[in-house]
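A.B. asks: pasting the sequence and the predicted coordinates here, then a few questions.
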Amino acid sequence: MKRRQFFTGSLAAGVGLWAARHVPAAETATTLKTGDAKMTFQQPPLPFEMNAMKPFLSEEQLKYHYGKHHAAYFKNLNGLVEGKPEAGMSLREVVVQSTGPVFNNAAQAWNHSFYWDCLSPQGGGEPQGDLAAALQRDFGSFAAFQKAMSEAAVKLFGSGWAWLAADKAGKLEIMPLGNADTPLKHAKEPVLTIDVWEHAYYIDFRNERPKYVEAFWKAANWEFAGKCYAAVK
Ligand SMILES: [Fe+2]
């Protein structure tokens, strides 16, 4: 399967494979040649077109976020691990095992790949099935979960991520984590995330993080989140 097809040819199938394997294409350490640059870890393509998320996110916003910020984490990581044992690991393994600059760049590379999959031009609404039941069980209702996750995202001081994550038993929790931190570092599985680094929303929303978080829900990819949750148990 070609890489592009994996992410966009059949989104549902791609998401299913992604969640089931817990190893997106970006996580497989394969040494590729891109021009003269040796790319151990390769940034996966966006799972949607650059102009597909309007009005939530503009093409300009995505060009900077995906094309500059996310790409830079991969570039930096590849420079840091060249010739080192991490170059032979999956990206997920590097995230779990590393510290310092290698962790920061590996986690940001992984986190953003996960974030793109949490967005869909056909997103919004509410989850179905086991995830819907688990949200009701652990938060009282979908509305209560959404309110708590929004508050966590808005109140997180500085840069970071608001995560919905599950433990191995399937219990859900909201984890507001700073900078590059990720549930993977806490033995939890990510189910959904909101990037609240300012670079995620500044072009479209300026300083108004609450408006960005509110708009996120209209693009939330519950199909992907549901498959991530199904793969936990
Ligand atoms: Fe970001």
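C.D. replies: Yes, it's here.
A.B. asks: list the buried residues for stretch 47-55?
C.D. replies: Going by neighbour count (16 or more other C-beta atoms under 10 Å), the buried part of stretch 47-55 is 47-48, 50, 52-53. To be clear about C-beta, it is placed using only N, CA and C from the backbone, and glycine gets the same treatment.
A.B. asks: for this protein, what lies in contact range of the ion?
C.D. replies: 195, 197, 200 (C-beta under 5 Å from the ion).
A.B. asks: most surrounded residue in the residues you listed?
C.D. replies: residue 195 (26 neighbours; other C-beta atoms under 10 Å).
A.B. asks: verify the contact between that one and residue 161 for me.
C.D. replies: Yes - with contact defined as C-beta atoms under 8 Å, residue 195 reaches residue 161; the gap is 5.9 Å.
A.B. asks: between the two, what contacts are shared?
C.D. replies: 111, 115 (C-beta atoms under 8 Å, 6 or more residues apart in numbering).
A.B. asks: could you report the pLDDT at residue 39?
C.D. replies: Per-residue pLDDT puts residue 39 at 76.
A.B. asks: ok, it to the ion distance?
C.D. replies: Distance, residue 39 to the ion, using C-beta to the ion, to the nearest Å: 20 Å.
A.B. asks: okay, now that residue: neighbour count?
C.D. replies: 16.
A.B. asks: cool, the one 4 residues further on as well?
C.D. replies: When counting by other C-beta under 10 Å, one arrives at 21 neighbours for residue 43.
A.B. asks: tell me which stretches of the chain form strands.
C.D. replies: 32-34, 37-39, 160-166, 172-178, 189-195 (DSSP state E).
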